[in-house]
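Student: Please work out how this folds:
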Amino acid sequence: MRLNKMVFFLLSIFLYLEFFFLTGCENKKKQEREIVAKIGNDYIITYTDLRKYVFEEFYHKKYRNESEAYNKALDAMITDQLKRNDFFERGLDKNKELVQKIQRFISEELVFEYFKKQFLGKYTSDEFALKTYEKMGKQVLYRQIVLHKPEKTTPLQLDSLKKKAIEVKTEIEKGKEFDKLITQYSQYIASSNSDANMPVVGWEQSISNPIDNVIFGLNIGDVRIIEAYNAYHIVQVMEVKKVEVEPFHKIKDDIITKLKKGYYETSLEEYDKAKKDLLNIDELEWNKKALDQLVEWLKIPNFYIDIYKDTLQYAISHSRNLTILTYSNGKVDFKEYLRLLNDILIPIDTRNITEKDFKNFIIEAIRTDIIVKKAKALDLEKEIFNSGTANPVLKSQIVRLYDQAVVESQIPETSAQNLKKFYEEQKDSLYYQLEKKNFYIMIFPHKEKALEVTSKIKEGIPFEKITGRWLVKTYIRDRDGKIKSYKSKEKPLLGETAFKLNLDEITGPIQYNDPEKGEQYAIIKCADIRPEKQLLFDDVKNTIGDDFKNFQRNKLRTELRANLWKKYDIEIYKDVLTKKLTSGN
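Tutor: Sure, this is the predicted structure:
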C-alpha cells in the first residue's frame with residue numbers, strides 16, 4: 001500500500017534543501033544579471049525561471065519561433081503573478097469556502113514551514129551561525145583504532161568488545177606505541193597506515209558526522225572511545241591547528257547554507273521523534289464497526305478521488321456519524337475524519353490496503369493535524385500562503401481559485417435566450433463552416449521510390465497498405481479562397497494541389513521543396529471532406545452551450561489581463577531576454 005504520509009513532507013524538504021545547496025552569493029549576482037521582468041519592487045522573473053516555465057508548460061512545442069515562445073510564456077508568467085497579487089488584494093484569502101478547496105495543499109506547506117522554523121531553524125539561525133563561527137578557527141588532527149561490531153551480535157559479544165576498547169584506551173594512555181596497537185587491534189584499513197593519521201577534522205566535518213563532531217571538541221592528547229552503530233572508535237588527538245577565518249559578516253550566508261545541509265538529518269530525526277510523541281498509540285480505542293465500514297469503502301474504485309465526500313456526508317446527515325477511535329485528547333468520528341481528509345491528508349493508493357495500514361494512516365493524519373494547528377498558532381500561515389509564495393503547487397492553485405472567483409463567477413448562464421442571441425452574433429464567424437479536407441500523405445526523398453509506390457497503387461494495392469506509414473494533414477479554404485493548415489501555423493505546402501482532389505482520389509508523385517529537407521515527392525489521398533455551409537442553430541444546439549462559456553471565459557480573461565497590467569507596475573527587460581536568446585544561454 002502507498003499512502004500519502006510523509007511523502008509530501010520529504011519532497012518539500014528535498015526541494016528546499018536543493019534550492020539552498022545550489023545557491024550562494026555568486027548565484028545571487030548571476031540572478032540579478034538575468035532579470036527579464038519585475039513586478040513592483042518585490043517580484044522578479046529571471047531568464048532561468050522563464051526557461052524552466054517554457055519547457056514545463058511546453059511553450060517550445062506550441063510555438064516554432066523561439067522568441068515568440070519565450071515572450072508568450074513571459075506574458076503568462078506575469079499575468080499569473082498579477083492574479084496572485086490581486087487575489088490577496090481582493091481579500092479572497094479570507095473567503096473560507098473558496099480557500100477550503102486548497103486547504104490540504106496549505107496544510108502540507110505549514111508542516112514544512114513548522115519543521116523549518118522549529119527544528120532546522122534551531123541550527124540555522126544567526127545566533128547559531130555565530131556560535132559556529134567562533135569554533136571555526138581550528139582543525140583537529142587525530143589517529144584512531146577501530147573495533148567493528150559483528151553484524152549479528154549478542155549483548156555478551158558487545159560487552160566483550162567494549163571491554164577491549166577500554167583496554168586499548170588504557171594502553172594508549174599508558175604510552176604504548178600507537179602503531180603497534182593499530183597493527184594488533186584496528187580493523188579499519190585507513191587507520192592502519194604508517195602514521196595512523198586520519199583526515200583533518202574542520203567545522204564542516206563536525207556538523208555532518210557525529211564522530212567528527214566529538215573529535216572536533218577534543219584537545220591535544222585527549223583519548224576517547226566513540227561508539228558508532230557499527231563500531232567502537234578509539235581516537236587520540238595529535239594536533240589542534242589554528243586557521244584563518246574571514247569576518248563573520250562576509251561568510252554568514254555560506255555558514256548557514258552549510259548548516260542547513262549538515263543538520264538536516266539531525267533536525268529530521270528530532271522532528272520525527274517529536275511528531276511520534278504527539279500521540280500515544282497504546283491509549284487509542286478503535287471502533288471495529290466504523291473501521292470495517294471505512295475499509296469496505298476503500299474497496300470502491302476511486303473512492304478517495306470523487307466519492308468519499310458525498311458518502312461520508314450522507315452517513316453523517318443520516319445519523320450514522322460513527323466514532324472511529326477515541327483517545328485522551330479527543331475522538332475521530334466520520335465528521336472529523338471528513339475534515340482530516342479535506343484539510344490534512346488523503347490516501348493516494350488504497351489497493352491491497354489492510355486494517356493495520358488504515359489505522360496507521362489515521363494516526364498519521366491526527367499527528368499531522370496537531371502539527372498544522374501548532375504551525376497556525378505560530379502564525380506561520382502568512383509565511384507560505386501569500387502572493388509571493390515559491391511553492392509551485394500553491395502558485396498554480398491560487399491562480400485557479402482566482403479564475404474561479406473572478407472569471408467563472410461572471411460567466412452568464414446558458415439560458416435559451418442567451419444562447420439564441422449568441423448564435424445570431426456568431427453565426428457568420430463561429431458557425432459558418434468552412435470547407436475542410438483531410439488528407440493522407442506519403443513523402444519520399446527520391447522520385448524513383450515515389451514512382452514505385454504510385455505503380456503499386458495503380459495495380460490496385462490500397463494506399464494504406466503499401467508502406468503502413470503516412471502523414472495526416474488537414475486544410476481549410478477561407479471565404480476568400482485561400483488554403484490554410486487547419487489549427488496549425490504550418491505552411492500548407494501541398495494545400496493547393498491536395499484541395500483539388502475529390503473524396504478517395506489519389507494523386508502523385510508531386511514534387512515540392514521542403515524548407516528543411518529540400519526536394520521531396522508526395523503521394524496524396526483525400527480521406528475526408530467537410531463541405532462549406534452556414535450552420536443552423538439546430539446543427540449546433542448540442543455544443544453551443546460550451547461554445548458560449550468558452551467565448552465568455554476568453555473574453556473575461558482578456559479584459560482581466562488588460563486591467564491587471566494597467567493596475568500594477570510592470571517592467572520587462574527585453575534587451576536581457578533578446579541577449580539571452582541570441583547567445584543561446
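
Student: Just the mean pLDDT for the strand or helix carrying Asp80, thanks.
Tutor: Secondary structure assignment for Asp80, by DSSP states H and E: helix 66-89. Averaging pLDDT along helix 66-89 gives 96.

Student: can you list the residues that contact it?
Tutor: Outside of helix 66-89, the residues that reach it under the criterion CB atoms under 8 Å, 6 or more residues apart in numbering are 36-37, 39, 43, 45, 49-51, 53-54, 57, 59-60, 62-63, 93, 386-389, 395, 398-399, 401-403, 406, 561, 564-565, 567-568, 570, 572, 577-578, 581. For the C-beta atoms, the positions are set from N, CA and C on the backbone; glycine is no exception.

Student: one more time with 7 Å, if that's ok
Tutor: Contacting residues not belonging to helix 66-89 are listed as 36-37, 39, 43, 45, 50, 53-54, 57, 59-60, 62-63, 93, 386-387, 395, 398-399, 401-402, 561, 564, 568, 570, 577, 581 [CB atoms under 7 Å, 6 or more residues apart in numbering].

Student: In strands, which of these fall?
Tutor: Within those, membership in strands is found for 36-37, 39, 43, 45, 570, as judged by DSSP state E.

Student: where does the residue most central in space within the chain fall, phi/psi-wise?
Tutor: What sits nearest the mean C-alpha location of the chain, by CA atoms, centre = their mean, is Pro392, with 6.4 Å. The phi and psi values for Pro392, taken as degrees, to the nearest 10, are phi -60, psi -30.

Student: for Ile441, same thing?
Tutor: Backbone torsions of Ile441, given as degrees, to the nearest 10, read phi -130, psi 130.

Student: low-confidence ranges in the stretch 51-200 of the chain?
Tutor: Along the stretch 51-200 of the chain, segments meeting pLDDT under 70 span 187-197.

Student: can you give me the helices for it?
Tutor: Remark: helices assigned in the stretch 51-200 of the chain by DSSP state H, counting those that start in this stretch are 59-62, 66-89, 96-99, 103-118, 126-134, 155-173, 178-185.

Student: The fourth one - contacts with which helices or strands?
Tutor: Here helix 103-118 touches helix 7-21, helix 334-343, helix 355-377, helix 381-384, helix 392-402, going by 3 or more CB pairs under 7 Å, 6 or more residues apart in numbering; DSSP states H and E.

Student: got it, and the fifth one?
Tutor: Helices and strands touching helix 126-134, as assessed by 3+ CB pairs under 7 Å, 6+ apart, comprise helix 248-262.

Student: ditto for the last one
Tutor: Under the contact criterion of 3+ CB pairs under 7 Å, 6+ apart, helix 178-185 touches strand 138-148, helix 155-173.

Student: can you redo these as JSON lines with distance to Asp369 and mean neighbour count?
Tutor: Below are these laid out as JSON lines (distance: least, CB to CB, whole Å; neighbours: other CB atoms under 10 Å):
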{"stretch": "strand 138-148", "distance to Asp369": "44", "mean neighbour count": "20"}
{"stretch": "helix 155-173", "distance to Asp369": "40", "mean neighbour count": "14"}
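
Student: Out of the ones you listed, which gets nearest to Glu424?
Tutor: Closest approach to Glu424 among these (CB to CB): strand 138-148, 84.6 Å.

Student: got the contact list for the closest one?
Tutor: So strand 138-148 is contacted by 161, 164-165, 168, 178, 181-182, 185-188, 191, 196-198, 200-202, 215-216, 218, 230-243 (CB under 7 Å, 6+ apart).

Student: Could you do stretch 496-516 as well?
Tutor: Residues external to stretch 496-516 that are found in contact with it (CB under 7 Å, 6+ apart): 437, 439, 447, 450-451, 454, 457, 463, 475, 477, 483, 493-494, 519-526, 529.
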